[in-house]
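Participant: No sequence on hand, only this structure:
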């Protein structure tokens, strides 16, 4: 069993499963809540455009509403499982975007489990040697 520390939590690789201890459920709820609120704001902005005819309300409502609806749908396609069987894993990749390092665990049912705040070089080397070839 290999255990690695994350900035907030830890991830363990066992022979037949991956165990992740982090705040993914809380983050998913927060993202879903804020995206749905911004989508509703965009809808109300477009509805106000229908009453007033102000172009600014139309375009800001469309950009805000559609952008956050897209984020809402993407968040629904992710999972927050804390224990993942290796039989369900399609691929594990270490990624970096804007100086933020994270792991993407792609499952066979096309859902994604993202582990964020990964700043452990040993973990990244372990992933690259054992999982990225799959």
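Facilitator: Looks like it arrived, so ask away. Fair warning: this is a prediction, and the values are worked out from it, not measured in the lab.
Participant: Now do the same contact list for the residue positioned nearest the centre of the chain.
Facilitator: Nearest to the mean C-alpha position of the chain, by C-alpha atoms, centre = their mean, lies residue 114 at 5.1 Å. Applying C-beta atoms under 8 Å, 6 or more residues apart in numbering to residue 114 gives the contacts 24, 78, 102, 103, 104, 105. Yep, even glycine has a C-beta here, placed from its N, CA and C like the rest.
Participant: Please identify which helix or strand holds the fourth one.
Facilitator: Put plainly, it is residue 103. strand 100-107 (DSSP states H and E).
Participant: What's the end-to-end length of stretch 47-63?
Facilitator: Its start and end residues considered, stretch 47-63 measures 14 Å (C-alpha to C-alpha, to the nearest Å).
Participant: Quick one: mean pLDDT for the strand holding residue 103?
Facilitator: The average pLDDT within strand 100-107 is 85.
Participant: how far does that strand sit from the chain's center?
Facilitator: 8 Å (C-alpha atoms, centre = their mean, to the nearest Å).
Participant: just use 627 as the starting number from now, easier for me
Facilitator: Sure thing, new numbering starts at 627, so read that last one as strand 726-733.
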